[in-house]
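**Q** coordinates only, sequence not included:
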């Protein structure tokens, strides 16, 4: 296939069936170092976030009767980018070699002596039925399955598949891209001897939050409104209803996450596990303080002079401990953390917090904080530029000498218009800080917010109410997990205000 003297430049990567969590580890690693991502419309949009921000993203997606690029143009694009020596990830839905025209792209690259690698993906032929609770095989009943494309080369006319013969094979029949030709396919399967009452199901957007399953029989599936992309399953197994996927508590719900992108993964991941369609609309980004971190660096260099180091967020931990060359510099210094997220961030730096309040807010930390020793004591408070003055003022009033320094600052991020439209159409929006409230509302303009506003705690709720919002959900435990639990409880019982 050509020389490897200059290494592989093009990777044909299977993106899986739609759920971003089903991407392989190899695929994620390649996306993380891509210079160019050439993707189709079946790729989960979240997967593109795995590529470096500066990577070029080229959409070559195909929809029925609409192609942004022809296959020949896609082949040429891959060859050009590969010859330029860039790391190219061709992200294809499902598996590159299962009815995805990956072989055509590989042939073009081989003919041009462009080194390539094929990274398999999970095919929708297996994943979509599984997520709909349909096992493609079952012991004693369906001991084989056949995968067939319903969308052949247009030059083949009615197609080359002998559907009558396929009907006689037995077992389970899985048809990809068959919606457009389904009436004709069904007629030929019936002509091949399959019974009209044979259980049949169509799974649209399998593994995605908007998955829809239509169950019928071979004779009646065509009476339903079918849409692409759907996987059609024909056989006794299609009557199975092991539908764990659509029974998850947030299935069918669209939830907005407004945290900074670097911090959103845990919240977004928990919501997706519970079935939500997550809209990542980061309203803020975290950046260095106005002085570039000079004040923080000077204070950390003298950290041994303080009695306490107080940290109020994971961002504060990261900014502070990036400046600590050796945690032994903290010998004799107490470390206070405002909540479990900060505690976990400290633990990742091999530091155990000496003080964590029962209430994860500044007021809770003040209530738990000890008084200064005889003769006074000193506190280094590393916080956000726009932090409330409650903690600094409260500690000073208690007799501590407080040196409050900016560890980081949050800046507004304006989501794109498509994202803002998705926010407006969501069922719920989550806010994890006052700044996410302020900046998302500014970005939304005249667009409506989702009907359910969920807040991580009383400070964030107060900001939301100051903007005239009705807060339907407030986490009792002011953590990401507490917020998720409260939101699930509310959406399960929307009659009252939920508290986790």
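**A** On my side now, so go ahead. Bear in mind the structure is a predicted one, so any value in this text is a computation, not a measurement.

**Q** Which elements pack onto the longest strand along the chain?
**A** Longest strand in the chain, counting residues (DSSP state E): strand 401-412. Under the contact criterion of 3 or more CB pairs under 8 Å, 6 or more residues apart in numbering; DSSP states H and E, strand 401-412 touches strand 284-287, helix 294-301, helix 314-321, strand 378-384, helix 390-397, helix 434-444. Glycine gets a C-beta too; all of them are placed from N, C-alpha and C.

**Q** rerun that using 10 Å as the cut-off
**A** If contacts are counted by 3 or more CB pairs under 10 Å, 6 or more residues apart in numbering; DSSP states H and E, strand 401-412 sits against strand 284-287, helix 294-301, strand 308-311, helix 314-321, strand 378-384, helix 390-397, helix 434-444.

**Q** got the domain boundaries for the chain?
**A** 10-122, 126-246, 254-283+413-499, 289-411 (automatic domain parsing).

**Q** wait, which of the helices and strands packed on strand 401-412 is closest to residue 411?
**A** The stretch from the helices and strands packed on strand 401-412 with the least distance to residue 411 (CB to CB) is strand 284-287; that distance is 5.4 Å.

**Q** contacting residues around the closest one?
**A** Strand 284-287 is contacted from outside by 258-263, 313-315, 318-319, 384-385, 407-413, 432-433, 435-436, 438-440, using CB atoms under 10 Å, 6 or more residues apart in numbering.

**Q** Show the buried residues in the residues you listed.
**A** Among the contacts of strand 284-287, those classed as buried by 16 or more other CB atoms under 10 Å are 258-261, 263, 313-315, 318-319, 384-385, 407-410, 413, 432-433, 435-436, 438-440.

**Q** Run the chain-centre distance for stretch 68-77.
**A** Centre-to-centre, stretch 68-77 and its host chain are 29 Å apart (CA atoms, centre = their mean, to the nearest Å).

**Q** circling back: tilt between the helix or strand that the longest strand of the chain is followed by and helix 434-444?
**A** Going down the chain from strand 401-412, the next helix or strand is helix 417-424, by DSSP states H and E. Going by axes from the mean of the first three to the mean of the last three CA atoms, to 10 degrees, helix 417-424 is angled at 110 degrees with respect to helix 434-444.

**Q** Give me the residues contacting helix 417-424.
**A** 45, 254, 256, 258, 277, 279-283, 414-416, 429, 440, 443-450.

**Q** From those, keep the buried residues only.
**A** 254, 256, 258, 277, 279-283, 415, 429, 440, 443-444, 449-450.

**Q** tell me the contacts of residue 410?
**A** Taking CB under 10 Å, 6+ apart, we find residue 410 in contact with 260, 283-287, 315, 384-386, 433-436, 438-439.

**Q** looking only at pLDDT, what's the mean for stretch 256-269?
**A** Here stretch 256-269 scores 87 as its mean pLDDT.

**Q** looking at it, residue 230 is touching residue 202, isn't it?
**A** Yes. The criterion here is CB atoms under 10 Å, and residue 230 meets it with residue 202 at 4.5 Å.

**Q** List the residues that are in contact with both of the two.
**A** Shared contacts of residue 230 and residue 202, defined by CB under 10 Å, 6+ apart, comprise 128, 175, 178-179, 182, 212-214.

**Q** Any chance of a markdown table for those, columns distance to residue 76, neighbour count and pLDDT?
**A** Below are those laid out as a markdown table (distance: CB to CB, whole Å; neighbours: other CB atoms under 10 Å; pLDDT from 0 to 100):
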| residue | distance to residue 76 | neighbour count | pLDDT |
| --- | --- | --- | --- |
| 128 | 32 | 31 | 96 |
| 175 | 31 | 28 | 97 |
| 178 | 30 | 23 | 94 |
| 179 | 30 | 20 | 94 |
| 182 | 34 | 19 | 95 |
| 212 | 36 | 16 | 92 |
| 213 | 39 | 23 | 95 |
| 214 | 39 | 18 | 96 |
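
**Q** Closest one to residue 473 out of those, please.
**A** When these are compared against residue 473 (criterion: CB to CB), the nearest one is residue 212, at 27.1 Å.

**Q** For residue 16, see how far away that closest one is.
**A** 19 Å (CB to CB, to the nearest Å).

**Q** what's the answer for residue 165, then?
**A** Distance from residue 165 to residue 16, by CB to CB: 31 Å.

**Q** Over to residue 102?
**A** 14 Å.

**Q** who's more crowded, these two?
**A** Comparing residue 102 with residue 16 by neighbour count (other CB atoms under 10 Å), the higher total belongs to residue 16, at 28 against 22.

**Q** Next one, pLDDT for the more buried one please.
**A** For residue 16, the model assigns a pLDDT of 93.

**Q** Which residues are in contact with it?
**A** Applying CB under 10 Å, 6+ apart, the residues near residue 16 are 22-24, 27, 42-44, 47, 91-95, 120-124, 127, 207.

**Q** And the buried ones among those residues, selectable in PyMOL?
**A** To isolate the buried ones among the contacts of residue 16 in PyMOL, judged by 16+ other CB under 10 Å, type:
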select buried, resi 22+23+24+27+42+43+44+47+91+92+93+94+95+120+121+122+123+124+127+207
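
**Q** Restricted to strands, list the contacts of residue 16.
**A** Short answer: those in strands (DSSP E) are 91-92.

**Q** Among the contacts of residue 16, name the ones in helices.
**A** 27, 124, 127 (DSSP state H).

**Q** Appreciated, that's everything.
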